[in-house]
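Colleague: here is the input, now give the coordinates:
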Amino acid sequence: MAHEPDELLTIGDVSRRTGAAVSALRYYEDLGLIASVRTAGNQRRYPRHMLRRISLILVAKRLGIPLDDVHEAFASVPLDSTPSHDDWQRASRAWKRQLEERRRALERLEYELTGCIGCGCLSMKACALLNPDDALGRTGAGARRLDDAADS
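Modeller: Model prediction:
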């Protein structure tokens, strides 16, 4: 069955098709991640091309990617018209860079956890070398070395 690219779908249709709750669709719209048009009766209608955006949002959510990152990745993809292949390629390249940064941060975390927890010293020996006199504690709360590595 062929669909017209400018076909409009009800919020219920979009919810059933994507698996996203109706409340989530309203929320994503409030955040500017997706867009709808309104009927004369003020009902939401979504262009068919929103299905791809919503599906990608749901995948990102499942992977723990913050919606702010998704918003940033979609910034160059038009909301008011069907995105072109080039639009999606541009967004994909930007998002890939973000995901690679996240992957590197997770690998650093894994390395730090493996080194700290797995070494058996219970932080007494290694921390005396890496953080003498708890110098990093004076710079603030949290995992300071991981935060510093992420900034570099």
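
Colleague: residue nearest the centroid of this protein?
Modeller: residue 65 (3.0 Å; Cα atoms, centre = their mean).

Colleague: pretty sure that one contacts residue 106?
Modeller: No. Between residue 65 and residue 106 there is no contact under Cβ atoms under 8 Å: 11.9 Å. For every residue, glycine as well, the C-beta is placed using N, CA and C.

Colleague: quick one, longest helix in this protein?
Modeller: helix 85-118 (DSSP state H).

Colleague: what's the distance between that helix and the middle of its chain?
Modeller: Averaged C-alpha coordinates place helix 85-118 at 11 Å from its chain's average position (Cα atoms, centre = their mean, to the nearest Å).

Colleague: buried residues in it, which are they?
Modeller: 88, 90-91, 94-95, 102, 116 (16 or more other Cβ atoms under 10 Å).

Colleague: okay, those residues in CSV with pLDDT next?
Modeller: As requested, the buried residues of helix 85-118 are exported to CSV (pLDDT from 0 to 100):
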residue, pLDDT
88, 88
90, 87
91, 84
94, 79
95, 82
102, 84
116, 61
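
Colleague: since that was my last question, I'll sign off now.
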